[in-house]
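In: Here's a sequence, model it:
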Amino acid sequence: MNTKAAVFRISALMLWIAATILGGPGQTQQLLAQQLTVCSGTFALCTIAPCDPIPGDDRQVLCHCTVNRGYSAAAEPCQKPQQIADKRLIHSRYYPVKSYAICKNDRPWAWCLDKPCIIDGNNPEAAACTCDIAKDKGDYVIVTSSYTSATCTTGMISSATVEQIDQATASLKHSKVLPPFPILVLSK
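Out: Residues are numbered from 1 along each chain as shown. Predicted coordinates for the structure are as follows:
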């Protein structure tokens, strides 16, 4: 099977899961007005995930995330992994970041928090997550340890607004198991 066909099949499965089991693709990139819930278990981490278009879908992208185990944070109630046919479904969650660059352009980015993800059957450390496309929500961040002129201009990547990162950090300040790190801002 070629790469485009594989992406299309994974995309179709993810859209079906979102529509039938999870009640649709959800709201695009809502602000984290509420406190985050600390979860423990298997989750997808999309903080620096590159994303690809889903053929025929101009509202969502397929992001290439890592599978992690341990503590993480969610805006929705914690969900355990689920077996759907021959695929394993997990959700993308937040893990505190240490540094980021602020981007002030109108480039679209992907909002992945709490989104459905399918663990790669050939690589249990990788997951494909169906994330909403976000644009024109204000300054957004790219989680990175170094800043270059291409940081805010290259490709579609999973992200959040500066305000959302600030809210997530504030929400986790009193967590005993998932406290935030001091964040180094690499560009302003």
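
In: use CA for all of it now, contacts and neighbours both
Out: Will do.

In: quick one: the residue nearest the centre of the chain and P50, what's the gap?
Out: Residue closest to the mean C-alpha point of the chain, counted by CA atoms, centre = their mean, is C112 at 2.8 Å. Counting by CA to CA, to the nearest Å, the gap between C112 and P50 amounts to 11 Å.

In: who touches both of these two?
Out: Counting by CA atoms under 8 Å, 6 or more residues apart in numbering, the common neighbours of C112 and P50 are S158.

In: Which strand residues bridge H64?
Out: A128 (DSSP bridges).

In: Over to V141?
Out: Under the criterion used (DSSP bridges), V141 bridges to I102, A160.

In: give me the number of residues near it?
Out: V141 is flanked by 27 other residues according to other CA atoms under 10 Å.

In: May I have the residues that are in contact with it?
Out: Contacts were defined as CA under 8 Å, 6+ apart; by that measure V141 touches 100-103, 159-162.

In: now swap in V177 and tell me
Out: V177 makes contact with Y71, according to CA under 8 Å, 6+ apart.

In: Before we move on, what's the pLDDT of it?
Out: V177 is assigned 95 on the pLDDT scale.

In: for the contacts of V141, which one is nearest G121?
Out: Distances from the contacts of V141 to G121 were compared by CA to CA; the smallest belongs to S159, at 25.6 Å.

In: I'd say that closest one and W111 touch.
Out: Yes: using CA atoms under 8 Å, S159 is in contact with W111, at 6.0 Å.

In: gap between the host helix or strand of R93 and the chain center?
Out: In this assignment (DSSP states H and E), R93 forms part of strand 87-93. For strand 87-93, the gap between its own C-alpha mean and the chain's C-alpha mean amounts to 11 Å (CA atoms, centre = their mean, to the nearest Å).

In: So what touches it?
Out: By CA under 8 Å, 6+ apart, the residues outside strand 87-93 that reach it are 42-46, 72-74, 79-83, 112-119, 121, 129.

In: Over to Q60. Which of the three states is it?
Out: Local secondary structure at Q60 is given as strand here, using DSSP: H, G, I helix; E, B strand; the rest coil.
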